[in-house]
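Q: Mind folding the following:
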Amino acid sequence: MNLCVVGAGYVGLVTGAVFADLGNDVVCVDSDRKKVEMLKKGRVPIYEPGLQEMVSRNLEDGRLVFTSDLRLGVERSEIIFICVSTPAKDDGETDLSYVEEVAKGIGQYINTYKVIVNKSTVPVGTGDLVREIIEQHKHHPDVSFDVVSNPEFLREGSAIQDTLRPDRIVIGAPGRESTMKLLELYHTLECPMVITDVHSAEIIKYASNAFLSMKVSFVNAISDICEAAGADIRDVVRGMGYDSRIGKDYLNPGLGFGGSCFPKDLESLLHTSRVLGCEFGLWAEIININRQRVAHFMGRVEEVLGGLEGKVIGVLGLSFKPDTDDIRGAKSTEVLRYLLDHGARVKAYDPAAMENVRPLFPQVQYCESSYGAADGVDGLLIVTEWREFKQLNLQRLRDRMRRPAVFDGRNIYDPKVMGRLGFEYHMIGWRTAPPEE
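A: Got it, this is the predicted structure:
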């Protein structure tokens, strides 16, 4: 099929590359000419496992084209995916200005029947808004089109696999013709299809992210109780997770959720609930618990180290999650700001995200390895659970530290092993594991 993907950001680039790899002809449109020129040369501006190779392969085979010409993409395509940014305003409302701008352009250039797909995360009612804008700006009044909601459920770090092997595909369509177009496009993926109306599909995305966020904040609240009571959060989570009604996923205590989706989507859902007169306190409390995580963690660090003024602190992990260089909503930025504001000297290492953090915190010393970040420190903080950190030579790490105090914000190590190696090991949701004599 001939496809157009508007927006070469995270969602748009992954969507375009995967559809091209499945044999479709894809025009990927972005208004950032510098980014387009970079992509034309096969250089991908984000870190995502497998994406660079997929983009290069399909560029070479001619199935993937990058351009700033929206007209080219609209006129030659059967299906047009809107994958532009939908940032949050100060009050939590979703900023739909980029979506609106694209809808105006589609209206100007639409020449035959098209299926317009909202893949960006947008509040309920956005499909109606896009339809109205296209109708207002159509140069060919007799040309028909449908607006469909087809939300993405991509996890950074595994986005390609999530696209090729999704848990489900949600298609919110106004009629049979547009539904069949999307089913034809997705039929090779052989996964559950949820066919519904546009409004329901728009809410499914927010409801899913809100529920997962709730599980994260819930287990973090329980972890605080475990710390206070002397219980082990690992046993508590294991005991909960065997219940099929609860499940094990997203019950990982830590510094809370970040990234470009969960925080923004919760704020948007809270705003939408207020507008519709359906507000209740759950959304706000999920957000509130998440905002308290870094302060709680750093308070424990200060207590153990006797303050941070003049201390040398190492930080492992800067991206908001492993296998990405994305620092949007990353807990690392809160940690770094806290350390610097309290007089600490900071050393940091991340396998992918250091160049994104460096402009924000130029006073931090960025190291070439985990061992370099641990060299001579009074305490080492684990902020992102990169696989590389789980495989470190812990004895070598301890030998580099001035004081072998590890504050693990992601609970990636075994406390018995850490104690046996002589670490002061501080986990989330468990008492401190003292070093063994």
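Q: roughly how far apart are the nearest residue to Thr163 once chain neighbours are set aside and Glu48?
A: Counting by C-beta to C-beta, 6 or more residues apart in numbering, the nearest residue to Thr163 once its immediate chain neighbours are dropped is Val18, at 4.5 Å. Glycine gets a C-beta too; all of them are placed from N, C-alpha and C. Relative to Glu48, Val18 is positioned 11 Å away (C-beta to C-beta, to the nearest Å).
Q: thinking again about what came up before, give me the number of residues near the residue nearest to Thr163?
A: Look at Val18: counted by other C-beta atoms under 10 Å, it has 23 neighbours.
Q: again, but for Pro166
A: 17.
Q: shaky segments in the protein?
A: In the predicted model of the chain, residues 433-434, 436-437 satisfy pLDDT under 70.
Q: contacting residues around the most centrally placed residue in it?
A: Using C-alpha atoms, centre = their mean, the residue of the chain that lies closest to the mean C-alpha position is Gly259, 4.1 Å off. Taking C-beta atoms under 8 Å, 6 or more residues apart in numbering, we find Gly259 in contact with 156, 320-321, 326, 328-330.
Q: about what we covered before: common neighbours of Val18 and Glu48, please.
A: What both Val18 and Glu48 touch, as defined by C-beta under 8 Å, 6+ apart, is the set Ile160.
Q: Stretch 360-367: end-to-end distance?
A: Start to finish, the residues bounding stretch 360-367 are 16 Å apart (C-alpha to C-alpha, to the nearest Å).
Q: And that stretch, what's buried?
A: 361, 364, 366-367 (16 or more other C-beta atoms under 10 Å).
Q: can you list those residues in JSON lines and add secondary structure and distance to Ala353?
A: JSON lines is the format used below for the buried residues of stretch 360-367 (DSSP: H, G, I helix; E, B strand; the rest coil; distance: C-beta to C-beta, whole Å):
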{"residue": "Phe361", "secondary structure": "coil", "distance to Ala353": "12"}
{"residue": "Val364", "secondary structure": "coil", "distance to Ala353": "12"}
{"residue": "Tyr366", "secondary structure": "strand", "distance to Ala353": "10"}
{"residue": "Cys367", "secondary structure": "coil", "distance to Ala353": "13"}
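Q: Nearest to Ser31 among those?
A: Nearest to Ser31 among these, counting by C-beta to C-beta, is Phe361 at 29.6 Å.
Q: so Val74, which of the three states?
A: Of the three states, Val74 takes helix according to DSSP: H, G, I helix; E, B strand; the rest coil.
Q: what's around it, how many residues?
A: Neighbours of Val74 (other C-beta under 10 Å): 24.
Q: try Phe211
A: Residues near Phe211, counting by other C-beta under 10 Å: 11.
Q: For the residue nearest to Thr112 when sequence neighbours are not counted, give its distance to Thr163.
A: In space, and not counting its chain neighbours, Thr112 is closest to Val143: 6.4 Å by C-beta to C-beta, 6+ apart. Here Val143 is placed at a distance of 30 Å from Thr163 (C-beta to C-beta).
Q: Give me the more crowded residue out of those two.
A: Thr163 (21 against 14).
Q: re the thing from before, for the residue nearest to Thr163, what is the enclosing helix or strand?
A: Val18 is located in helix 10-21, with elements delineated by DSSP states H and E.
Q: cool, and Asp323?
A: Applying DSSP H and E, one finds Asp323 in no helix or strand.
Q: same deal with Val117?
A: Residue-wise, Val117 maps onto strand 114-118 under DSSP H and E.
Q: hang on, Asn111 packs against His140?
A: Yes - in this structure, Asn111 is within contact of His140 by C-beta atoms under 8 Å, at 6.2 Å.
Q: quick one on the thing from earlier: which one of the contacts of Gly259 is nearest Val236?
A: Of the contacts of Gly259, the one sitting nearest to Val236 (C-beta to C-beta) turns out to be Lys321, at 23.0 Å.
Q: which residues touch that closest one?
A: Contacts of Lys321 (C-beta under 8 Å, 6+ apart): 156-157, 258-259, 384-385.
Q: Looking at those, spot the one nearest Met240.
A: Using C-beta to C-beta, these come closest to Met240 at Glu385, 20.0 Å.
Q: give me the number of residues near the closest residue to the closest one other than its chain neighbours?
A: In space, and not counting its chain neighbours, Glu385 is closest to Arg410: 4.0 Å by C-beta to C-beta, 6+ apart. Residues lying near Arg410 (other C-beta under 10 Å) number 23.
Q: three-state assignment of Arg410?
A: coil.
Q: Name every strand pairing with the strand holding Val117 and say which way it goes.
A: Next to strand 114-118 in the sheet, as set by DSSP bridges, lie strand 79-82 (parallel), strand 145-149 (parallel).
Q: can you list contacts of the first one?
A: Right, the one you point to is strand 79-82. So strand 79-82 is contacted by 1-7, 12, 15-16, 73-74, 99, 102-103, 106, 114-120, 130, 150, 181-182, 185 (C-beta under 8 Å, 6+ apart).
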